[in-house]
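Trainee: coordinates only, sequence not included:
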């Protein structure tokens with residue numbers, strides 16, 4: 001049942017308009033890398049690569065792609081009433097959430113991970129940044145799972161998940177979470193930077209020391225598991241209206 005739900009969801013997520021929009025969005029970091037490679041000033045290539053990947057991928061591309069796919073995976077069906085076909089059947093709600101995540105998370109990881117790999121290799125793959133690029137690519141895959149589960153839960157909790165998610169990405173992850181020491185332990189982006197630093201000792205992007213590997217890993221797991229449980233419980237309480 002989980003695989004069936006995932007397959008149906010994957011087909012819906014890959015609608016022509018959405019797929020084209022996400023492909024264009026994913027191509028932006030690579031385009032920036034090409035311009036930086038051609039016209040950028042000489043300097044520390046590893047630092048330049050890390051800075052570009054952090055700013056364009058971890059801060060912007062990854063959460064935005066995960067937001068679009070995560071909220072569409074289940075929230076769109078709850079909004080238009082098509083989820084009634086699942087919710088009126090004796091299917092455990094955890095299977096529904098798992099199926100949705102199984103479609104949206106790998107799709108996010110594949111798209112963003114591919115963009116990360118191409119971007120890093122263009123800018124510094126042959127100039128000492130190949131290892132760093134791999135670290136960011138792996139972090140993008142992990143981040144795809146965490147972000148997607150968070151946004152799936154958000155889409156069950158509110159019908160304005162896309163707007164709330166955009167505010168969260170722009171205000172919290174993009175600005176506030178990195179300003180103070182205490183807030184860094186509540187940021188998915190900071191978890192990913194901590195994992196990157198553990199994978200590659202040449203991590204140089206950002207300001208201040210990254211989170212310890214154990215803290216980063218534990219934070220990512222807790223957010224993913226907590227989001228999954230919240231989504232399941234919220235879906236169990238979701239009422240199918242007569243109009244649906």
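Mentor: Perfect, thanks for sending it. Here the structure is a predicted model, which means the values were calculated and not measured.
Trainee: mind checking which helix or strand the spatially most central residue of the chain is in?
Mentor: Note on the chain: the residue nearest the mean C-alpha position is residue 144, at 3.5 Å, using Cα atoms, centre = their mean. Using DSSP states H and E, residue 144 sits in helix 130-157.
Trainee: And residue 191, by the same measure?
Mentor: Per DSSP H and E, residue 191 falls inside helix 188-199.
Trainee: Give the helix, strand or coil label for residue 89.
Mentor: Of the three states, residue 89 takes coil under DSSP: H, G, I helix; E, B strand; the rest coil.
Trainee: What ranges in the chain fall below the confidence cut-off?
Mentor: The chain contains residues with pLDDT under 70 at 80-82, 178, 181, 202-208, 239-244.
Trainee: And the helices in it, which stretches?
Mentor: Using DSSP state H, the helices found in the chain span residues 2-13, 16-39, 45-53, 62-80, 84-87, 93-124, 130-157, 161-167, 188-199, 213-237.
Trainee: rewinding a little: so who does the residue nearest to the centre of the chain touch?
Mentor: Taking Cβ atoms under 8 Å, 6 or more residues apart in numbering, we find residue 144 in contact with 62, 65, 66, 105, 106, 108, 109, 112, 113. Yep, even glycine has a C-beta here, placed from its N, CA and C like the rest.
Trainee: What is the nearest of those residues to residue 191?
Mentor: Comparing the contacts of residue 144 against residue 191 with Cβ to Cβ places residue 62 closest, at 12.0 Å.
Trainee: So what's the residue count around that closest one?
Mentor: Residue 62 has 31 neighbours, counted by other Cβ atoms under 10 Å.
Trainee: Equivalent analysis for residue 110, please.
Mentor: Neighbourhood size, residue 110 [other Cβ under 10 Å]: 14.
Trainee: again, but for residue 15
Mentor: If we define neighbours as other Cβ under 10 Å, then residue 15 has 11 of them.
Trainee: Check the spacing between it and residue 21 real quick.
Mentor: As judged by Cβ to Cβ, to the nearest Å, residue 15 and residue 21 stand 10 Å apart.
Trainee: I'd like the helices of the chain laid out as a markdown table, including distance to residue 177.
Mentor: Below are these laid out as a markdown table (distance: least, Cβ to Cβ, whole Å):
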| stretch | distance to residue 177 |
| --- | --- |
| helix 2-13 | 28 |
| helix 16-39 | 21 |
| helix 45-53 | 18 |
| helix 62-80 | 11 |
| helix 84-87 | 34 |
| helix 93-124 | 19 |
| helix 130-157 | 14 |
| helix 161-167 | 13 |
| helix 188-199 | 6 |
| helix 213-237 | 11 |
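Trainee: Looking at these, which is nearest to residue 182?
Mentor: Closest approach to residue 182 among the helices of the chain is made by helix 188-199 (11.3 Å; Cβ to Cβ).
Trainee: just to revisit the earlier point, quick check, nearest of the contacts of residue 144 to residue 184?
Mentor: residue 62 (17.3 Å).
Trainee: Tell me which residues touch the closest one, please.
Mentor: 108, 112, 140, 143, 144, 147.
Trainee: now swap in residue 186 and tell me
Mentor: 177, 219.
Trainee: The same query, at a cut-off of 10 Å, please.
Mentor: Contact analysis of residue 186 by Cβ atoms under 10 Å, 6 or more residues apart in numbering lists 172, 173, 176, 177, 219, 223.
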